[in-house]
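[1] can't give you the sequence, but here's the structure:
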């Protein structure tokens, strides 16, 4: 009788441990999904900024050197040369490009992590992973 009681409590311990791991994985999945969404938003913002910079440089190249130009600095505007403005906008664009590459790497990593966590989750649940709809 004590043996069956021990095996029953051992089984309970095992099921409690699996349930605890499943809950932890659910929390990790939620956290990773939130990070994926944040990084995706930052990536989209960096891509928009890069496109805006490219459009600005294109517009500035169509303007002559003799036109007075001003650059926004905080809440004020300062007069700047045509070349200075193009140089600053190009530098900002390159910065956004670097940020975009870093964010894309981070997004790829998080997606792999999410896929691995999802597989572990379904494995712990003892259920074959459902097929995702396209």
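    Arrived safely. Please read all numbers here as calculations on a predicted model, not as lab measurements. Numbers count the residues shown, from 1 in each chain.

[2] Just to check, residue 53 is in contact with residue 95?
    No - taking contacts as Cβ atoms under 8 Å, residue 53 lies outside contact range of residue 95: 9.3 Å. From N, CA and C alone the C-beta is placed, and that goes for glycine too.

[3] Those two - which one has more neighbours?
    A count of neighbours by other Cβ atoms under 10 Å puts residue 53 above the other of residue 53 and residue 95, at 20 against 14.

[4] Now do the contacts for the more buried one.
    89-90, 92-93, 96 (Cβ atoms under 8 Å, 6 or more residues apart in numbering).

[5] buried sites along stretch 104-120?
    Applying a neighbour-count criterion of 16 or more other Cβ atoms under 10 Å, one finds 106-107, 110, 114, 117-118 buried in stretch 104-120.

[6] Off-centre distance for that stretch?
    11 Å (Cα atoms, centre = their mean, to the nearest Å).

[7] swap in stretch 93-112?
    Counting by Cα atoms, centre = their mean, stretch 93-112 comes out at 8 Å from the chain centroid.

[8] would CSV of the buried residues of stretch 104-120 with distance to residue 14, secondary structure and pLDDT be doable?
    Shown next, in CSV, are the buried residues of stretch 104-120 (distance: Cβ to Cβ, whole Å; DSSP: H, G, I helix; E, B strand; the rest coil; pLDDT from 0 to 100):
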residue, distance to residue 14, secondary structure, pLDDT
106, 37, helix, 96
107, 37, helix, 96
110, 31, helix, 96
114, 27, helix, 95
117, 21, helix, 91
118, 23, helix, 91
